[in-house]
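Enquirer: structure, please.
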Amino acid sequence: MATCTECHDVHQPLNIALTKTVDLRTCGVCHDAVYAKWSATPSKHGKVSCASCHTRHGLIPECTDCHTPPASHADRLLEKFPKCLTCHLDVHDLPVKKKR
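Expert: Below is the predicted model of the structure:
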């Protein structure tokens, strides 16, 4: 596991700097419930580094920062529900289509 100083400056410990190479278990030390859910998800998000989306500590990105709306979502639907998580509920454990 990475050391504290990988993210925290010794003289400014509340100034947290994320790197995409940080061991993801390091995030789980403080964010244990989210880490447990995220690391067990079958969603593709479970293979993405925390720092890929959370480029600053505490940043909660919009889904559209990385994704375009799916073609299966009509414009009317997107107008009615502009926030993805209204329906998809939890970005750390998204629903996954089951293979038939």
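Enquirer: chain center to the top strand by length along the chain, what's the gap?
Expert: Criterion DSSP state E: the longest strand present in the chain is strand 12-16. In terms of C-alpha atoms, centre = their mean, to the nearest Å, the gap separating the centre of strand 12-16 from the centre of its chain is 21 Å.
Enquirer: likewise for stretch 45-54?
Expert: 5 Å.
Enquirer: same deal with stretch 74-83?
Expert: Mean-position distance between stretch 74-83 and its chain equals 22 Å (C-alpha atoms, centre = their mean).
Enquirer: state the mean pLDDT of that stretch.
Expert: Across stretch 74-83, pLDDT averages out at 83.
Enquirer: low pLDDT regions in the protein?
Expert: Within the chain, the ranges that satisfy pLDDT under 70 run 1-3, 18-23, 97-100.
Enquirer: buried residues in whatever helix or strand comes next after the longest strand of the chain?
Expert: For strand 12-16, the following helix or strand on the C-terminal side (DSSP states H and E) is helix 24-30. The neighbour-count check on helix 24-30 (16 or more other C-beta atoms under 10 Å) flags Thr26, Cys27, Gly28 as buried. C-beta: built from backbone N, CA, C; applies to glycine.
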